[in-house]
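>>> Show me how the following folds:
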Amino acid sequence: MKLEHNEINLAEADLEDWLYENPGAIYLWDFSIDRWLARQFSVPSGIIDLLGTGYNQMGDMCLVVIELKKAGINSDALAQVCRYAADIENSLVEIEGLYGPLGITPVRKICIGDSIDSSTMFEANALGVEVIQYSVNYELNLSNSITWTDEYNKKITTEYLRIADSPELVEFRNIAVANLENIHNSQKTIKEANVEEND
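This is a model prediction of the structure:
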């Protein structure tokens, strides 16, 4: 049985935790994450979910800013990741002003969410934001049936016997037996009377 992620309370923090432990899961045709530098990293315009480094196919290193969305990616999310990337780029300008060129290509901007509509996708392309869609499948596996152990069965049987021998149930048993005897005797009397009539 598979359950969709929207049927379970999946938090954005859960996605972030998983990605932080699995940076290699983020892979684009020309780029892959090498390592994370920080998570929930504060910049002037807000807080970056994940900040990392990676390499393109030419071997050039770059910084990457990740914005995570539990649900769909919208214009606000695109604006966020662009603001965060601008903060990082401005910081790199300051660093290069002090220490010289770093040989780093422009900051990559990535939004991750479970969906994006076509209008927002056009916007992402115009802003240079790369989009990754995620999906989560939860599997509910039912194992073999569970039964009581032999030891427990013996224990519970002993308990049932104790209850059966209690004064209350003994009295009930006597009443039930007497009732059955009365029914049996009544049926016997009726049967005998029918035989006599037939004779």
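>>> what's the next secondary structure element after the strand of greatest length in the chain?
For the chain, the strand that runs over the most residues, judged by DSSP state E, is strand 31-43. Next helix or strand after strand 31-43 toward the C-terminus (DSSP states H and E): strand 46-56.
>>> For the protein, which segments count as helices?
Assigned by DSSP state H, the helices in the chain fall at 12-21, 75-99, 118-127, 150-164, 167-198.
>>> For the first one, which residues meet the burial criterion?
Using 16 or more other C-beta atoms under 10 Å as the burial criterion, the residues of helix 12-21 that qualify are 15-16, 19. Every C-beta, even on glycine, is put in place using the N, C-alpha and C of the backbone.
>>> now for that helix, which elements pack on it?
If you count contacts as 3 or more C-beta pairs under 8 Å, 6 or more residues apart in numbering; DSSP states H and E, helix 12-21 packs onto strand 31-43, strand 46-56, strand 61-68.
>>> 10 Å - rerun?
strand 31-43, strand 46-56, strand 61-68, strand 104-113 (3 or more C-beta pairs under 10 Å, 6 or more residues apart in numbering; DSSP states H and E).
>>> Out of the helices of the chain, which is closest to Cys62?
Cys62 sits nearest to helix 75-99 of all these, at 10.2 Å, using C-beta to C-beta.
>>> if you average pLDDT over that closest one, what comes out?
The pLDDT scores in helix 75-99 average 87.
>>> for that helix, which positions count as buried?
For helix 75-99, by 16+ other C-beta under 10 Å, it's 77-78, 80-88.
>>> tell me the angle that helix makes with strand 104-113.
Interaxial angle, helix 75-99 versus strand 104-113 (axes from the mean of the first three to the mean of the last three C-alpha atoms, to 10 degrees): 160 degrees.
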